[in-house]
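Chemist: with the sequence up front, the predicted model follows.
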Amino acid sequence: MRITALAGGIGGARFLRGLRAAVSPGDEITVIGNTGDDIHLYGLKVCPDLDTVMYTLGGGINEEQGWGRTGETWSIKEEMKAYGVGPEWFGLGDRDFATHIVRTQMLAAGYPLSAVTEALCARWQPGVRLLPMTDDRVETHVRITDADGPRVVHFQEYWVRLHAAVDAEAIVPVGADGAKPAPGVLEAIAGADVVVLPPSNPVVSIGTILAVPGIREAVAAAPGPVVGLSPIVGGAPVRGMADKVLAAVGVETTAAAVARHYGSRRSGGLLDGWLVDTADAASVDQVTAAGIACRAVPLLMTSVEATAEMARAALELAAEAAK
Ligand code: GDP
Ligand code: CA
């Protein structure tokens with residue numbers, strides 16, 4: 001079986017670890033990763049979501065944090081601070097720096113991001129094929145109004161430095177409209193037996209991937225079923241501040257509203273099936289009424305086995321939707 005998943009950072013990566021545990025040996029998983037969170041820091045190209053997927057599946061992730069490397073040290077950051085060079089709000093450890101140096105060096109030598117990602121994965125052996133959504137530069141920006149007046153900040157500044165404490169007025173994936181899907185992306189969707197939308201952020205992770213021209217259309221037209229899992233449980237994100245960016249696109253923070261936001265494939269949307277948490281069992285009928293097969297199962301990724309069980313439920317729902 002060939003499974004293609006779209007993924008952001010922590011939510012996507014943790015789900016993929018469960019999916020990998022749930023599938024059979026011959027099955028192939030292709031991951032289309034969000035690169036809208038990418039940022040240039042200290043002259044280096046940092047791809048937070050691709051790295052979170054790579055480190056999580058490769059066994060190098062800091063489990064408690066959910067991002068960055070295990071056993072990390074911070075000498076470079078301290079040295080940069082001694083020079084008065086920031087930003088101080090973004091955590092890049094010494095081990096992590098090596099990844100960004102290799103990436104930046106390869107990009108400067110002319111390799112596209114997709115080739116660089118493949119090279120980095122040769123070390124980490126994530127057990128999936130990890131593709132960036134695009135080789136072109138896309139950066140998600142957020143419009144806010146604060147004490148400095150109306151302005152636009154990089155998504156990382158909004159999320160990491162400002163902790164999404166001010167309302168997001170608009171989310172703009174700068175560069176997306178002119179971007180092309182990376183090599184293999186459209187083929188992975190068209191050739192998949194199942195397309196999965198993990199419980200990643202629907203706006204700034206999955207939404208950004210879908211904003212690359214051709215990707216949304218490919219998912220909508222995928223020959224296999226498309227199923228998703230809700231990142232919203234009991235009316236709130238399990239982790240992070242997805243409510244802030246959902247509000248910016250006019251979507252309520254509920255599992256059912258996110259399903260309607262993706263839409264039913266029967267009416268030009270993306271989903272054949274949607275899993276909500278058992279806490280949201282009451283919304284199953286609403287989602288079904290919107291033309292999306294829906295089931296309530298436990299959706300908390302408390303362990304790899306619990307997450308594998310979620311992945312099995314998603315694949316079962318996909319098999320039923322395909323009938
Ligand atoms: P990011 O790029 O690191 O923000 O990660 P993603 O976009 O891939 O995932 C973020 C989303 O994961 C958030 O909206 C969380 O609500 C969701 N999430 C995190 N842990 C869990 C969990 O255990 N269960 C579910 N259903 N969602 C989760
Ligand atoms: Ca992210």
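Modeler: Looks like it came in fine. Numbers count the residues shown, from 1 in each chain. Ligands and ions are numbered 1, 2, ... in the order given.
Chemist: domain assignment for the chain?
Modeler: In terms of domains, the chain is parsed into 2-135+177-322, 139-176 (source: automatic domain parsing).
Chemist: ok, the shortest one near ligand 1 or not?
Modeler: Same thing as domain 139-176. No: figure legend: domain 139-176 not in contact with ligand 1 (C-beta under 6 Å from any ligand atom); closest approach 7.7 Å. Every residue, glycine included, has its C-beta placed from N, CA and C.
Chemist: how long is that domain end to end?
Modeler: One end of domain 139-176 sits 8 Å from the other (C-alpha to C-alpha, to the nearest Å).
Chemist: if you count neighbours, what's buried in it?
Modeler: Buried residues in domain 139-176, counted by 16 or more other C-beta atoms under 10 Å: 139-144, 153-160, 162, 164, 168, 171-173, 175-176.
Chemist: need the contact list for the closest residue to residue 159 other than its chain neighbours.
Modeler: Counting by C-beta to C-beta, 6 or more residues apart in numbering, residue 159 lies nearest to residue 241, which is 7.0 Å off, once chain neighbours are set aside. When contacts are counted by C-beta atoms under 8 Å, 6 or more residues apart in numbering, residue 241 touches 159, 163-164.
Chemist: how much space separates residue 241 from ligand 1?
Modeler: Remark: distance between residue 241 and ligand 1 (C-beta to the nearest ligand atom, to the nearest Å) = 8 Å.
Chemist: same check, this time on residue 4
Modeler: 16 Å.
Chemist: which helices and strands does the host helix or strand of that residue pack with?
Modeler: With elements taken from DSSP states H and E, the one containing residue 4 is strand 2-7. With contacts taken as 3 or more C-beta pairs under 8 Å, 6 or more residues apart in numbering; DSSP states H and E, strand 2-7 sits against helix 10-22, strand 28-33, helix 185-190, strand 194-197, helix 206-210.
Chemist: make JSON lines out of the ones you listed and add distance to residue 294, mean neighbour count and mean pLDDT.
Modeler: Output for the helices and strands packed on strand 2-7, formatted as JSON lines (distance: least, C-beta to C-beta, whole Å; neighbours: other C-beta atoms under 10 Å; pLDDT from 0 to 100):
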{"stretch": "helix 10-22", "distance to residue 294": "18", "mean neighbour count": "24", "mean pLDDT": "98"}
{"stretch": "strand 28-33", "distance to residue 294": "24", "mean neighbour count": "24", "mean pLDDT": "98"}
{"stretch": "helix 185-190", "distance to residue 294": "22", "mean neighbour count": "20", "mean pLDDT": "98"}
{"stretch": "strand 194-197", "distance to residue 294": "14", "mean neighbour count": "27", "mean pLDDT": "98"}
{"stretch": "helix 206-210", "distance to residue 294": "18", "mean neighbour count": "27", "mean pLDDT": "98"}
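Chemist: can you tell me the SS state at residue 141?
Modeler: What DSSP: H, G, I helix; E, B strand; the rest coil gives for residue 141 is strand.
Chemist: quick check: bridge partners of it?
Modeler: residue 154, residue 172 (DSSP bridges).
Chemist: the one 5 residues further on too?
Modeler: Taking DSSP bridges, one obtains residue 149 as the residues bridged to residue 146.
Chemist: then residue 227?
Modeler: residue 196, residue 273.
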